[in-house]
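Asks: Predicted model, plus sequence, below.
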Amino acid sequence: MAGGLRLTEPGAAWAALAAALAAASLAAWWLPATLLDWQPTLAASEPWRWWTAAFVHWSPRHLAANLLGAGLVAALGWVAGVPRAAALAWAVAWPLSHVALLVQPALAHYGGLSGVLHAGVAVAALHLLRTDQGRRRWIGGTVFAGLALKLLLETPWGVPLRYTAEWDIAVAPLAHSTGAIAGALAWLLLAGPRPRRQSPR
């Protein structure tokens, strides 16, 4: 539409996906969590949970934190000018982030946007890393290294759920790692070859 924002513009599809994730999380707050959350025993018979697990939040603080996170990831992708291919990679990583939780069957329930948001951060960082601009590559490398360090410090190979003083819910560190890994793999598959540098004239 003339004069309006098009999803073909850099960052637009990304921001639209972030907004949809946030809006669905708000809507799901009023629904029974057990209809939507990730449950490994129901992963095959109720595959919608691969997506809807992202919308389930266990407390108002949990929801507020992830809505803020969605805004920050949306801003990261918008400022980075990620193309539609990056937004598609993020969308593909969304259900894969949850399916990968099958590696930890003791995690009987999971809900929240955090895994999908970690996927988005990984995709945006890798997009910045492949650019020809040194400053943008430096930012992408810094974001990716910070993400990797955070995941290592969370020791996702440990207990399925962790209780901390900072949260009024149990945290599932594995979901952050499965999200980031799913995002990185989806981006590598869908981003396509790196654009060639234009030779100086």
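Replies: Yes, it's here.
Asks: What strands line up against the lowest-mean-pLDDT helix or strand in the chain, and which way round?
Replies: Every helix and strand of the chain was ranked by mean pLDDT, DSSP states H and E. The lowest is strand 162-163, at a mean of 90. Under the criterion DSSP bridges, strand 162-163 sits next to strand 170-171 (antiparallel) in its sheet.
Asks: still on that earlier bit, other residues contacting the least confident helix or strand of the chain?
Replies: 170-173 (CB atoms under 8 Å, 6 or more residues apart in numbering). Any C-beta I mention is one placed from the backbone N, CA and C, and that applies to glycine too.
Asks: Buried ones among the residues you listed?
Replies: Neighbour counting with 16 or more other CB atoms under 10 Å marks 171-173 as buried within those.
Asks: Reformat those residues as a markdown table; add distance to G81 and pLDDT.
Replies: Listed next are the buried ones among the contacts of strand 162-163 as a markdown table, based on distance: CB to CB, whole Å; pLDDT from 0 to 100:
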| residue | distance to G81 | pLDDT |
| --- | --- | --- |
| V171 | 32 | 94 |
| A172 | 32 | 95 |
| P173 | 31 | 95 |
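Asks: Can you lay out these as a markdown table showing distance to L72?
Replies: Output for those, formatted as a markdown table (distance: CB to CB, whole Å):
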| residue | distance to L72 |
| --- | --- |
| V171 | 18 |
| A172 | 20 |
| P173 | 19 |
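Asks: Verify the contact between L147 and V123 for me.
Replies: No. When contacts are counted by CB atoms under 8 Å, L147 is not listed as touching V123 (10.8 Å).
Asks: re the thing from before, distance between the least confident helix or strand of the chain and the chain's centre?
Replies: Centroid separation for strand 162-163 versus its chain: 21 Å, with CA atoms, centre = their mean, to the nearest Å.
Asks: ditto for stretch 53-70
Replies: The mean C-alpha position of stretch 53-70 is separated from the chain mean by 13 Å, CA atoms, centre = their mean.
Asks: quick one: contacts of it?
Replies: Residues outside stretch 53-70 that contact it (CB under 8 Å, 6+ apart) are 18-19, 21-22, 24-29, 33, 36-38, 94, 97-98, 110-117, 167-169.
Asks: Can you give me the neighbour number for I169?
Replies: I169 sits with 16 neighbouring residues when counted by other CB atoms under 10 Å.
Asks: Just list the residues touching it, thanks.
Replies: For I169, the contact set (CB under 8 Å, 6+ apart) comprises 58-59, 61-62.
Asks: Using the three-state scheme, assign the nearest residue to it once chain neighbours are set aside.
Replies: Closest residue to I169 apart from its sequence neighbours, by CB to CB, 6 or more residues apart in numbering: W58 at 4.4 Å. Counting by DSSP: H, G, I helix; E, B strand; the rest coil, the backbone at W58 sits in coil.
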